[in-house]
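K.L.:
Below are the sequence and a predicted model for it; my questions follow.
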Amino acid sequence: MGTIWAIGKREFASFFNSPVAYLAICLFLFAIGAMFFWWEDFIDQGQTTMRTFFEWVPWLFIFLLPAISMRLVAEEKRTGSFEMLITMPIRDAELLLGKLLGASLFLVVTLVLTLAYPLVINQYGSLDLGPVLGGYIGLFFVGLAFLSLGLLASTWTKNQIVAFLLGAVLCAFFFGLHKFVGVFSPGLRDTVAVLSLSDHFETFAKGVIDTRGLIYCLSITILSVLIGTYSLESRRWSR
């Protein structure tokens, strides 16, 4: 556990050693603010709800989080530092879990910065805290799943752009799977719907902490780390 924490702290600090993290967070906050207060015309509607916020953020995460996770392993491969890492007494699973931890801390910082929105909305009326709390928990776990998928994509290539595109496609697939339910036979539609992260997130946004949604997000995370570990191990044995 100490190794994972050490890697996580190093990875988290590395995000803020370059302007990329600051730029990504600023663009994300600006996009959310523009959509929420300008496009949706929140103030004129006089609504005291976070519904629009929770509708938009997961879709923005599809681009933001792969952009953050694309460098986790791909950059190590590109610079050659990955060759040094695999010779150290660090398990591949520990390496990936540490990097995922660092990216998850970045996700937490991003979500904390968005707390300004419910504080502003609450000035216009009494905001129901149940859906807000459930929505933020859902955002964290969906974001964790997205980061793990981006991390997995990063183990497959040393090109960060390719890793970003692969990660974004994987995130969009798992989140938007419910939109393709109609193309499946009636007997499979319920199963496919359950596999959509969007359906699980909507439950969280209603203020319901559904353990099925938590388990599904964690399952995607664990499976991504396992497949990523296998990918790194296959590279190690091919040397």
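P.N.:
Cool, the structure landed.
K.L.:
Burial check on residue 3, number of neighbours?
P.N.:
15 (other Cβ atoms under 10 Å). (Each C-beta comes from the backbone N, C-alpha and C, glycine too.)
K.L.:
close enough to count as contact, it and residue 101?
P.N.:
No: contact criterion Cβ atoms under 8 Å: residue 3 and residue 101 do not qualify, at 10.8 Å.
K.L.:
Now do the contacts for residue 137.
P.N.:
Counting by Cβ atoms under 8 Å, 6 or more residues apart in numbering, residue 137 makes contact with 204, 209.
K.L.:
Check which helices and strands the host helix or strand of residue 229 is in contact with.
P.N.:
Using DSSP states H and E, the element containing residue 229 is helix 211-238. Here helix 211-238 touches helix 92-113, helix 129-155, helix 197-205, going by 3 or more Cβ pairs under 8 Å, 6 or more residues apart in numbering; DSSP states H and E.
K.L.:
burial measure for residue 163, as a count.
P.N.:
Applying other Cβ under 10 Å, I find that residue 163 has 28 neighbouring residues.
K.L.:
ok, for it, nearest residue in space, not its chain neighbours?
P.N.:
Closest residue to residue 163 apart from its sequence neighbours, by Cβ to Cβ, 6 or more residues apart in numbering: residue 70 at 4.0 Å.
K.L.:
State the distance from the one you found to residue 13.
P.N.:
From residue 70 across to residue 13, the span is 18 Å (Cβ to Cβ, to the nearest Å).
K.L.:
which one of these two has more residues nearby?
P.N.:
residue 70 (25 against 11).
K.L.:
And the pLDDT at that one?
P.N.:
Listed pLDDT for residue 70 reads 86.
K.L.:
separation between the residue nearest to residue 163 and residue 158?
P.N.:
Remark: distance between residue 70 and residue 158 (Cβ to Cβ) = 11 Å.
K.L.:
Could you tell me which residues make contact with the nearest residue to residue 105 once chain neighbours are set aside?
P.N.:
Nearest residue to residue 105, sequence neighbours excluded (Cβ to Cβ, 6+ apart): residue 12, at 4.5 Å. The contact partners of residue 12, by Cβ under 8 Å, 6+ apart, come to 101, 102, 103, 105, 106.
K.L.:
Phi first, then psi, for residue 196.
P.N.:
Here the main-chain torsion angles of residue 196 (degrees, to the nearest 10) amount to phi -90, psi 120.
K.L.:
number of nearby residues for residue 2?
P.N.:
7.
K.L.:
Spatially central residue for this structure, please.
P.N.:
residue 143 (2.6 Å; Cα atoms, centre = their mean).
K.L.:
Thank you, goodbye.
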